[in-house]
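Q: Test case, fold it:
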Amino acid sequence: MKFALYVIGFILAALIIPFLIPTSGDGSDPERNLPWQIEVDAQGGSKVFGLQPGLSTLADVKAALGNELEVAIIAQPNEVGMIEAYYSQVALGFVLAKMVLTLDLDQEAVNAMRERALKAKHMESTTRKITLHPDDLARLEQQRIKAFAVIPTVNLDEATVVQRFGQPEERIQVSEKRVHLLYPRQGLDIVVDGDGKELLQYVAPRDFRLLRDPLMAASAGKQG
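A: Next up, the predicted model:
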């Protein structure tokens, strides 16, 4: 299944919790690591939430955002699935959000972990969450994170997104109420959805094709 569509499908299937603006009771700076604070470098990399997509490891994520991170295989019927790490709630500056991390693993490694997995339970009628073996969980600590996907605290319209992130370089309308705003220089795709929660997807700018190519393929398929 294509990368961007898989991430979106998983998030929409997951439970969307209510979001609030938290008080800063843990001593962290509420004005740092906000979703629109993206640093880029000359090598095609980026830094967001104090982390670098494509370079930071699962251990780095826990050190930066906390240990309340769940890791499991998420699988559709007749699929081996993908290993995903996720926070049901995490503070990004003064914003609470749900975050899903996609690990940089090949299918062979996922297959092996699936064979060693302990149990599975249904998240929805067709999606399964498979608990990993403790040895595999330990090994994954040093695995790099390929992408971050974030559901923001509140519903955003396109004008608000542009105000915070600037004008997108490309705009892809996928339905009457759903549009992708693409920021390739920042490695960011923002999905504005009039019927649901907005979704922010981050990769290193050099890897932006992982987000754009599936969208272009889907658009070409519709036109054909």
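
Q: who are the neighbours in contact with residue 188?
A: Taking Cβ atoms under 8 Å, 6 or more residues apart in numbering, we find residue 188 in contact with 38, 165, 182, 200-202. Every C-beta, even on glycine, is put in place using the N, C-alpha and C of the backbone.

Q: Check the residues you listed and tell me the two furthest apart.
A: 38 and 182 (13.7 Å; Cβ to Cβ).

Q: So what sits opposite the residue nearest the centre of the chain in the bridge?
A: Among the residues of the chain, the one closest to the centroid is residue 149, at 1.6 Å (Cα atoms, centre = their mean). Per DSSP bridges, the residues bridged to residue 149 are residue 100, residue 201.

Q: Could you check how far it is from residue 92?
A: Going from residue 149 to residue 92 by Cβ to Cβ, to the nearest Å gives 12 Å.

Q: Need the residues touching each of those two.
A: With Cβ under 8 Å, 6+ apart, residue 149 and residue 92 have common neighbours residue 99.

Q: which residues of the protein score low on pLDDT?
A: 1-28, 123-125, 221-224 (pLDDT under 70).

Q: run the last query once more with 50
A: The chain contains residues with pLDDT under 50 at 1-2, 5-6, 8-27.

Q: which residue ranges form the helices in it?
A: With DSSP state H as the criterion, the chain has helices at 3-13, 58-65, 107-116, 134-139, 158-165, 209-223.

Q: Indicate which one of those is closest to residue 192.
A: helix 158-165 (5.1 Å).

Q: ok so, going back, most tightly packed of the helices of the chain?
A: Highest mean neighbour count among the helices of the chain (mean count of other Cβ atoms under 10 Å): helix 3-13, with a mean of 19.
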